[in-house]
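**Student:** predicted model and sequence follow; I will ask about them next.
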Number of protein chains: 2
Amino acid sequence: MNMAGHQIINRSFPLIDSREKVLGQYQYISDLRLPGMLWGQVVRSPYPHARIKKIDGSKAMRVPGVRAMITSPDTPVTRCGPFIPDWEILAREKVTFIGQEVAAVAAVDPEAAMEAVRLVEVEYEELPAVFDMEKAMEPGAPLIHEEKKDNIAYTFDVDQGNVEKAFEESDFIREETFYTSSAFHAYLEPNGSITSYDPISGHYTLWVATQVPYKAWLLYSQALGIDRSKLRLIQAPMGGAFGGKFESNFHLVNLCLSKKAGQPVRLVNSLAEEFVTAPLRVSMKIHLKIGIKREGTITAREAEVIGDNGARTNYGPATLMTACYRVDNLYRIFNTRAKGSLVYTNNVPKGAMRGFGNPQMILAVESLLDMLAEDAGLDPGELRLKNTFKNGDVTVHGWVIGSCGLDECIKKAKEASGWEVKRNKRLPEKEKPRGIGMACCNHVSGYRPILREFDGSSALVRVGPDGKVTVFTGEVDIGQGYKTVAAQCAAEELGVPLEWVDVAPVDSQTSVLGIGSLASRGTFMGGSAVKKAAVDVRAKIVRAAEKVLDRKPGSLQITQGVIVDASSEEIIGSFKEIMAKLTNAQAGQPFLGVGHYVPDTVFPDPQTKYGNPSPAYSFAAHVAEVEVDTETGQVEVINYVAANDLGKAINPLMANGQLEGGALMGIGWALTENLIVRDGRIAYTNLLDYKIPTFADMVRVVPILVEAEDPKGPYGAKSLGEPAFNPVAAAVCNAIYNAVGVRVTRLPVLPETLLQAIRARDRGEEGR
Amino acid sequence: MNMAGHQIINRSFPLIDSREKVLGQYQYISDLRLPGMLWGQVVRSPYPHARIKKIDGSKAMRVPGVRAMITSPDTPVTRCGPFIPDWEILAREKVTFIGQEVAAVAAVDPEAAMEAVRLVEVEYEELPAVFDMEKAMEPGAPLIHEEKKDNIAYTFDVDQGNVEKAFEESDFIREETFYTSSAFHAYLEPNGSITSYDPISGHYTLWVATQVPYKAWLLYSQALGIDRSKLRLIQAPMGGAFGGKFESNFHLVNLCLSKKAGQPVRLVNSLAEEFVTAPLRVSMKIHLKIGIKREGTITAREAEVIGDNGARTNYGPATLMTACYRVDNLYRIFNTRAKGSLVYTNNVPKGAMRGFGNPQMILAVESLLDMLAEDAGLDPGELRLKNTFKNGDVTVHGWVIGSCGLDECIKKAKEASGWEVKRNKRLPEKEKPRGIGMACCNHVSGYRPILREFDGSSALVRVGPDGKVTVFTGEVDIGQGYKTVAAQCAAEELGVPLEWVDVAPVDSQTSVLGIGSLASRGTFMGGSAVKKAAVDVRAKIVRAAEKVLDRKPGSLQITQGVIVDASSEEIIGSFKEIMAKLTNAQAGQPFLGVGHYVPDTVFPDPQTKYGNPSPAYSFAAHVAEVEVDTETGQVEVINYVAANDLGKAINPLMANGQLEGGALMGIGWALTENLIVRDGRIAYTNLLDYKIPTFADMVRVVPILVEAEDPKGPYGAKSLGEPAFNPVAAAVCNAIYNAVGVRVTRLPVLPETLLQAIRARDRGEEGR
């Protein structure tokens, strides 16, 4: 019997809840029914900017089965929001985007609710609107929030080193403007919640699929003006999130509606509504300038970033901030300046989406580095290798790079993609030109500025009289497989088979409540806490077993579901049998282990932005190979290599899945997902017109797991979720350039625009 | 600020879940819906005893919407049962009672399921049946379980002291035969469950309202032949129980049905089905002989008890045992002999009901004591007072009477009922004669022989970042208010208002799993464990607060929702604020306290029955005053005094409610609840014909709480649930004798039979 090494960690298992998913057994929000539950529906603004003159619900209330209607007077006066308090639960004096919540009704069935919504009469007076973020910044632009002096929601400035001097000392400098598109998360399950309210105690209950249980709990209770003990938040299974299920005004509407109705209310978005509820990706204009030395060292970076916030603020500030300065911690850049502005427009609100602002800036930086490599006659991989961090380095912003596997990622990605052959010794030209391109990225493993109150995670591991293990973790499975990771950590530490472990849903009242699944923090933070809790309960069990079985302290060990004498390797008994004995001795009481992990992160200085915001950083180098149809402009990604330094793969099967999913999602953002917005109205709110890649579009992805074990990570692990996506669009664009010599600066790369650019190139114009 | 004394204990609060009940917010089993849930229905035997020749489900399976049907081959071959393995989940070769489960179907709606049940064709060959328990004991009686040699299910014998000699030394001896009736529990919510089965993992989930979660979990997993970790039992809110919701074959049928169907199945009894599912009260024939000395000391008791078990065994053995020997621990009886037999008949199964066998024997003993008091010219109260225990006494069976308030109960009940005036100085004769009668009882507070594995209870108390307290207790609220008791214990120890405390439902996988609510053990066992867990979490919180707030160890205290300096009484901060600080310091982790209580009870010797089975014993003396209409035989209870020694009233309001409910239920058993059974068929399975007392029949009950604090009880508390019921019928019967001189020996006392007896008395015949 091998007692050293890992039994469960670093091994492939299917998701522990794949059965529930495949058999349709999960009770998602839309499957839940409460006794007396009503169906809610939201009345939304048809105008991008308009004053509300009058709302008349009398006809709506006469629809048989309608039980309640709310307008702004039924909601708290105080505005709220996760960054900037610019949310009105229901629009008070005016609406600022198409789809904004104006009123809501609850009825005994969905038909009555929809009929009532149709009959709510709202009188509007249209106001001049602004949709272009640069126009919104001009003096005299329509003011979206009239109490503010302009349409600037948030700015971010950072300045380190001596940028002017560094540019002067550069051998090559390039600058360029990039335009990144917005995007829709397009997960399977739309946002929804069921809320109930007890008028006597003033307690609300909220069943919701949220990525950020603790933050949502705080925001909703503050917004409602109640003590947070009066809001019970129960996490439902989640059908995908990608940043679209953070705190949402939508659920506040539902909480107010159930209070008015005095009955539980179910409010679930249609797909069309989801387009205006889940904040879209922040579209950006990025002007970027980079200098390098002849041999490839980056001398300076300067960026100006403008981001579209839409009409109210979600996670736009964090997105802008990420775009502005994260990349300085990917490469050894010590002279850097960035200036960012997040701008209100009358577009639908934008916010968090996989990678926050990182993929946007990565597109710009990685494109420019390829241009500079060409200028300097360097291989793009070689140039990047000259600028990577080594373990223990501290970046210009104070980020402590505990582990960095970027060198290995670049080398392995090149090797696996046949880079040398394909890039340098050009193969005989095909009918359709092919090209190969690289892009790198970094990412955090959790992010200190997410929450003012605390960083880290906590967990509870319960082992019952039957030897069954239940993990309570505050972090949530948003579909990425966190439950499986948490179960693996517990099973590993306890020495039991994975199938004995279950993970309980998050509940603010009975379980632990974590910051949640964002900033690629689940495995690192949650895994660390679960590991500690499992170690704690294992120690308690072993101690009790030694006592009850009259064995020497320190003599017993749990491994592979049995309890053994550590020195003789004699099997003392099965874990299950012994758990029955031990719990009987304490009147049936299960064993409980607790653990919390508090990282030694530093909340960055508000002025200088200096401070180490994450306990660990992960890196990636991706290589895309594309084939371009020069007749149609169609780009096909024919090969994709994703080499990610994830510290340690807790579950290689799942890690590979992240890389495949990330690649496909990135290709969608780069090539097909075209969110057409005309005067603030999203033209097509369906998945036929908004084209996400489907299984038919599945690209062959070669996943490479680079395990630069992090000294702080659980089993050395660090993040993977976002870095699987961040560099994809940039790699594809660099490959397109390599194929057809056209530099892409605007996403998505639609066939018609690429074709235009190829023809312009053929005519000798600049390939743009 | 008063820091001494109790803030929450010994004070009246309404049930903490009265809101959910009154507003219809509780999700009982019949309210639950799972995705893909089917409706189950049971095919039941129309014969009391018949061989099954053939079951043909082909027509039933053709009903549109029918998804599955099971018969005995779909169930495990091994028989099961909580005492005697004589249950077949579905009848295999023959049926033994009307209503026995023969097959079951599951369909997409209840109508299809009912139609299918109608179409299942079962061919029976009738067998001779036996319904009278004495006839069933005769040689040559039809054998109900053919593998057994006779129809005796269980016997109980006890013999202590020298009964012959004691009777020889007696001055007065009386003997009499009593017949106690069966009864229906008649709670509001019938038995029901929802089950689901995962074919890949082999895991079952059972949503059920059970009184005995741990026992049910054990029995069902054993019966299904699965490791108990593969059965998850989730406790649903319960609409009453009284012994009718222990382990039930019914739920095993459902577990097998959902396995066959591959979908979740809901199986909920109709009221008519409930009459044959919830085991009825064991009807008994009791022949009892008691001797006393002239001054009133009881010399000896001898009893022969025969109980009707029905066709299969539930808690009949425990009921018979209780009837046979518990009363020897009520009075100082040191020469005692009892011989009990539990007999199989082709009646519907019988089992546990409030008081087990105690009320049956109490009727006999208390009637005989009144007869002996009359013989000796003693006041009935005086006779009883001569035989009571004092604190610290050990009974003939080894029961250690840690506290006994029976003397006080008798005295207070007499005083409050106007006993002296009404009993001795007869008031002027009314048109309808009135009478007053007394009866006493004892009871356990938990019972060691319930479970082979362990005694006691365990609990977990969680305090969240919001200061909200959640109690996890394995014992269950069956409607008696246990949740409120548990919450009070936690609030008291934590020093927070009661409304900050909630009690989580029992779940075999996430919470603790207790033996359950039987043997009047909830408050004693569960309360003790919750108290310990609350003390544990309080200590952890105080320690953390002292550390985080930089205060001297031992200096802080929690009281009335604030944290104070114990010496200066300075308020340091609100509990909620400080909980937020403390949990932030540990990454949001809530504080957890664990506690278990293991009583020093002794599993009685199987031969001698000697051993102390409960940590504490409670006592009661009840006085009923009745008015008898000698024209109609109608008895009206016009006044009822219930004096119960409950150690300490955790919640006087709830304790009074128990006494009122117990009195009314006892009056129903004594006077109106007439279960008419003809050849094994219950004639009327509805609540119009089976007359339980209604609010209109509510009797004025004077509740008297005698608090003989028990040294082991939580805050001195001991049991109340069953002792509120045990003596009622006996007190009513003694009052009837006092009113009209007719000694009742058969329950219920129907007007027509009482009238006959009165007329017989008038004719000078024996009043029987």
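**Tutor:** Good, I have the coordinates.
**Student:** what's the domain layout of chain A?
**Tutor:** Taking automatic domain parsing as the domain assignment, the record places the domains of chain A at A:18-26+A:456-597, A:32-127+A:205-240+A:245-267, A:280-448+A:605-762.
**Student:** for the residue in the stretch 601-750 of chain A that chain B sits nearest to, which non-adjacent residue is spatially closest?
**Tutor:** Using CB to the nearest CB, the closest approach of the stretch 601-750 of chain A to chain B is made by residue A:601 at 11.5 Å. Every C-beta, even on glycine, is put in place using the N, C-alpha and C of the backbone. On the basis of CB to CB, 6 or more residues apart in numbering or on different chains, the spatially nearest residue to residue A:601 that is not a chain neighbour turns out to be residue A:448, at 4.0 Å.
**Student:** what does the stretch 201-350 of chain A put close to chain B?
**Tutor:** Those residues of the stretch 201-350 of chain A that sit near chain B, judged by CB under 8 Å from any CB of the partner chain, are A:201, A:214, A:227, A:228, A:229.
**Student:** correct me, but the fourth one touches residue B:466?
**Tutor:** In this case it means residue A:228. Yes: shown here, residue A:228 and residue B:466 form a contact pair, counting by CB atoms under 8 Å, at 4.6 Å.
**Student:** tell me which residue of chain A is furthest from the middle?
**Tutor:** Among the C-alpha atoms of chain A, the one farthest from their average position, using CA atoms, centre = their mean, is that of residue A:550, at 50.6 Å.
**Student:** where does chain A have low pLDDT?
**Tutor:** In the prediction, chain A carries residues with pLDDT under 70 at positions A:1-4, A:425-430, A:766-768.
**Student:** can we see that at 90?
**Tutor:** Residue ranges of chain A with pLDDT under 90: A:1-5, A:19-27, A:33-36, A:199-201, A:277-278, A:423-431, A:695-698, A:762-768.
**Student:** so where's the longest helix in chain A?
**Tutor:** Among the elements of type helix in chain A, defined by DSSP state H, the one spanning the most residues is helix A:527-548.
**Student:** against which helices or strands is that helix packed?
**Tutor:** Using 3 or more CB pairs under 8 Å, 6 or more residues apart in numbering or on different chains; DSSP states H and E as the contact criterion, the elements in contact with helix A:527-548 are strand A:457-463, strand A:469-473, helix A:482-494, strand A:556-559, helix A:575-584, strand A:591-597.
**Student:** list of residues touching the fifth one?
**Tutor:** Spelled out, it's helix A:575-584. The contact list for helix A:575-584 (CB atoms under 8 Å, 6 or more residues apart in numbering or on different chains) reads A:463-467, A:495-496, A:541, A:544-545, A:548-549, A:558, A:561-563, A:572, A:589-591, B:227, B:229, B:453-454.
**Student:** out of the residues you listed, which are buried?
**Tutor:** The neighbour count (16 or more other CB atoms under 10 Å in any protein chain shown) marks A:463-467, A:495-496, A:541, A:544-545, A:558, A:561-563, A:572, A:589-591, B:229, B:453-454 as buried among the contacts of helix A:575-584.
**Student:** quick one: the strands in the stretch 1-150 of chain A, in order.
**Tutor:** With DSSP state E, counting those that start in this stretch as the criterion, the stretch 1-150 of chain A has strands at A:38-44, A:50-56, A:66-70, A:94-95, A:101-107, A:121-126.
**Student:** most tightly packed of these?
**Tutor:** Per residue and on average, the most neighbours among the strands of the stretch 1-150 of chain A fall to strand A:101-107, with a mean of 27 (mean count of other CB atoms under 10 Å in any protein chain shown).
**Student:** summarise which helices and strands that strand is packed against.
**Tutor:** Helices and strands touching strand A:101-107, by 3+ CB pairs under 8 Å, 6+ apart, are strand A:38-44, strand A:50-56, strand A:66-70, helix A:110-119, helix A:249-261.
**Student:** one more time with 6 Å
**Tutor:** Using 3 or more CB pairs under 6 Å, 6 or more residues apart in numbering or on different chains; DSSP states H and E as the contact criterion, the elements in contact with strand A:101-107 are strand A:38-44, strand A:66-70, helix A:110-119, helix A:249-261.
**Student:** return the residues in contact with the nearest residue to residue A:613 once chain neighbours are set aside.
**Tutor:** What sits nearest to residue A:613 in space, not counting adjacent residues and going by CB to CB, 6+ apart, is residue A:448, at 4.2 Å. Contacts for residue A:448 were tallied using CB atoms under 6 Å, 6 or more residues apart in numbering or on different chains; they are A:455, A:601, A:603, A:613.
**Student:** let's have these in CSV, adding secondary structure and neighbour count.
**Tutor:** What follows is the contacts of residue A:448, written out as CSV (DSSP: H, G, I helix; E, B strand; the rest coil; neighbours: other CB atoms under 10 Å in any protein chain shown):
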residue, secondary structure, neighbour count
A:455, coil, 27
A:601, coil, 20
A:603, coil, 13
A:613, coil, 24
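**Student:** return the closest of those residues with respect to residue B:196.
**Tutor:** The shortest gap between residue B:196 and any of the contacts of residue A:448 belongs to residue A:455, at 39.2 Å (CB to CB).
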